[in-house]
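Student: No letters, just coordinates:
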C-alpha cells in the first residue's frame, strides 16, 4: 500500500518536499506564462500565500545544476510534459531578504554580510563552470558590491545567463519603517542609501529577475518611480499563481478521503473553510459592477465561485483563491486530530496583524488612517482606486493607504463601483483582525466586561435567552460613549455590536447580509460544524434615533423595522443557513447611545 503523502505545512524547500514525497499543489503551469510576461518581473502578494515554496520551485526548474534532475524533481507535475526551452539554463541567485536583521545600528553590516554569504554560496555552486582561478579570485574579494561585479564579468565572459530571485525583498525595510519610522527608512532607500544603491547592480547583470514582497512601497522608493521591472501583481493571468483555487483544495481533500485519512464529506470541509480562508481576488477585470452588499454575498454564499485553474493546467482568470497556509493549517488539524482546529485562524499569523497595526500608527496622521479602518470594519467594504506603487512618504493618502491594506491581504477585490474598485473584507479571519483592532480602541477608552459578554452569548446560543446579550453589549456601548463620543450614529452602532459579537465563538456574524431584496443589519450564522450544540440563530435589526427624536418618529421607525425583519425571515437562503436552529427576529432601538426598546417579533407578516 502506498504511503499517504504528508502535508507540507511550514515547508518552503521544494527539493525537500519532493524528496520526502509530500503533497504538492501544482503551480508549474504558470512558469511559461511568466516567461512570456517579461524578463524583469515584480509581484506583490500577502503573507502566507506560498510565495517562498513557489520561488524555491522556480529555482529548481531553472538551475543549470538541476538540469539532469528535472525528470525526478518534476515527475507528475504539469511542467514535466510541457517543459520550456529555458529549463535548466540559468545560474540562479536566490536571496531571501527576511533573513537580514532590522537592528538599525548594524543594518548595513548585516545586509552586506548576508549578501556576501549568498554570493559565496553562488560562486561555489557554479565554480565548475568557470576557469580554475574563479574560486581563488572570488575569495580575495570582501566587498559584496565588488563581488557582484566579479560574478557579472566572469559570467558575461563565458556567455552564461544569470537569474535573480528575491523573496521578501521588502521585509527588513518594512521592519525599519514599522519600528523606527519614516526618517530612518528614508535614509536607507533614498539618495546614497545602501539599499537603494544595491538595486542599481541588478538589471544590467541578470538576464531574468523576479522579486516578490508584500507591498510596493520599498520598490517605488528604491527605483525612483519603479523603473526596474514589470509589475504583474494585478494581471488576471497571475491571479491564482499563489494561494489555492477551490479545485486545488477539493483535489487535496479527495486525495486524503480516498486514502482513508479524512472522514468528513468534501462539501462539509469546503463549506467550513470558505468563510475563513477564501475569497481573495488579485485580478479585477472579470467582475461586473455590483451594488451594496457585494462583500457579504461573496463571503457567505457561493457567489465567489468563479473560473478556476483547471486540472489540465489552463490558467484561469478572475477566480477567488484560498490562503494556502491557512488551508494547510486547517487540514493538518483534521488529519492529526480528526476535527477542526479550536482556532480557525492560524495563531502564527498574528504577527502579520501586529505589523499592520504598526503601519496604521506611524505618524501624526494616525486618526485619518484609523477612520479608514473604522469605515471598513463597520461597512465591510470601501471604494477606492488601487495604486500600483507609491513611496512611504505618501502612504497617508486615502487611495495609497487603502491600497496598502489590499496588498497586506486585509482587503480584496469584490467588484466595481463606476470607475473605482470595490474592496471588501475577504473572510472571517481578516474580519476578526479588523474587529480586534476596534475592540482594542474601545478598551483603550473603557475596558469592557468580556466575561459577562461571553456568558450572555452562551445563553443566547444554547438557551435562546437573547435579552442579556443585547442589554450587556448596549450597556458597554453607552458607557463607552459616555466617556468619549467616539461612536455616534447608526453605522457606528452596528460596528460596535459587530466588533463585540465577532470575537466570541458559536456564530459567524454577517453584517449587511442581502436578504429578500434588503440588507439585514446583523445575522448570527450558527457555526454548526464546530459548535453543533448551538440551538438558536438570530437576525438583529439595529435602529438608531437622534437624541431629539420624537415618540411618533420612534413608533414609525419601529413599525418599519418589524416589516423589514419579517421580510428578511422569509428568505430561502436564510432558512438554509440557519440549519436546524430556531430563528429569532430581534429589534433593538436606540436614541443617541441609549437602548430605548428591544423585543423579539413574530415571523408572521
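Tutor: Structure received. Model, not experiment: these values are computed from the prediction.

Student: so where's the stretch 201-350 of the chain shaky on pLDDT?
Tutor: The model of the stretch 201-350 of the chain has pLDDT under 70 over residues 223-228, 284-318, 350.

Student: Show me the strands in it, by range?
Tutor: Taking DSSP state E, counting those that start in this stretch as the criterion, the stretch 201-350 of the chain contains strands spanning 208-213, 230-231.

Student: same question, the stretch 501-605 of the chain
Tutor: Assigned by DSSP E, counting those that start in this stretch, the strands in the stretch 501-605 of the chain fall at 507-515, 518-526, 536-545, 582-591, 594-601.

Student: Can you tell me the strand partners of the third one and which way each runs?
Tutor: Spelled out, that is strand 536-545. In the sheet, strand 536-545 lines up against strand 518-526 (antiparallel), strand 582-591 (parallel) (DSSP bridges).

Student: At the geometric centre of the chain, which residue sits there?
Tutor: Nearest residue to the geometric centre of the chain (C-alpha atoms, centre = their mean): residue 409, 3.0 Å.

Student: picking up where we left off before, okay, the strands paired with strand 536-545, which one's buried deepest?
Tutor: strand 518-526 (a mean of 23; mean count of other C-beta atoms under 10 Å). Every C-beta, even on glycine, is put in place using the N, C-alpha and C of the backbone.

Student: Worst mean pLDDT among the strands paired with strand 536-545?
Tutor: The minimum mean pLDDT among the strands paired with strand 536-545 belongs to strand 518-526 (a mean of 81).

Student: about what we covered before: let's have the strands of the stretch 501-605 of the chain in a markdown table, adding distance to residue 268.
Tutor: What follows is these, written out as a markdown table (distance: least, C-beta to C-beta, whole Å):
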| stretch | distance to residue 268 |
| --- | --- |
| strand 507-515 | 15 |
| strand 518-526 | 15 |
| strand 536-545 | 19 |
| strand 582-591 | 22 |
| strand 594-601 | 31 |
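
Student: Quick one: closest of these to residue 326.
Tutor: Comparing the strands of the stretch 501-605 of the chain against residue 326 with C-beta to C-beta, the closest turns out to be strand 507-515 (15.5 Å).

Student: avg pLDDT for that closest one?
Tutor: 74.

Student: any low-confidence regions in the stretch 451-600 of the chain?
Tutor: Residues of the stretch 451-600 of the chain that meet the cut-off, pLDDT under 70, sit at 482-491, 512-518.

Student: Mind doing that once more with 90?
Tutor: Of all residues in the stretch 451-600 of the chain, those with pLDDT under 90 make up the ranges 451-453, 476-523, 525, 527-531, 544, 546-548, 567-577, 579, 592-594.

Student: what's the burial count for residue 118?
Tutor: Using other C-beta atoms under 10 Å, residue 118 has 17 neighbouring residues.

Student: sec struct for the residue nearest to the centre of the chain, please.
Tutor: The local conformation at residue 409, judged by DSSP: H, G, I helix; E, B strand; the rest coil, is coil.

Student: Setting aside sequence neighbours, what's the nearest residue to it?
Tutor: Leaving aside its sequence neighbours, residue 409 sits nearest to residue 46 (C-beta to C-beta, 6 or more residues apart in numbering; 2.8 Å).

Student: quick one: pLDDT of the one you found?
Tutor: What the model reports for residue 46 is a pLDDT of 91.

Student: That one and residue 412 touch, don't they?
Tutor: No - counting by C-beta atoms under 8 Å, residue 46 does not reach residue 412; the two are 9.3 Å apart.

Student: Pull up the overlap in contacts between the two.
Tutor: With contacts defined as C-beta atoms under 8 Å, 6 or more residues apart in numbering, the residues shared by residue 46 and residue 412 are residue 280.

Student: Deepest in the core, which of the strands of the stretch 201-350 of the chain is it.
Tutor: Greatest average neighbour count among the strands of the stretch 201-350 of the chain goes to strand 208-213 (a mean of 24), per mean count of other C-beta under 10 Å.

Student: Residue 333 - nearest residue in space that isn't next to it in sequence?
Tutor: Spatial nearest neighbour of residue 333, excluding adjacent residues (C-beta to C-beta, 6+ apart): residue 341 at 4.0 Å.

Student: Enumerate every residue touching that neighbour.
Tutor: Going by C-beta under 8 Å, 6+ apart, residue 341 touches 329, 330, 333.

Student: how many other residues sit next to the first one?
Tutor: Each residue near residue 329 was counted by other C-beta under 10 Å, and the total is 23.

Student: Identify the residues contacting the nearest residue to it once chain neighbours are set aside.
Tutor: Closest residue to residue 329 apart from its sequence neighbours, by C-beta to C-beta, 6+ apart: residue 346 at 4.2 Å. Taking C-beta under 8 Å, 6+ apart, we find residue 346 in contact with 48, 325, 326, 329.

Student: Try it again at 7 Å.
Tutor: Residue 346 makes contact with 325, 326, 329, according to C-beta atoms under 7 Å, 6 or more residues apart in numbering.

Student: Go through those and flag which are in helices.
Tutor: If you go by DSSP state H, those have 325, 326, 329 in helices.
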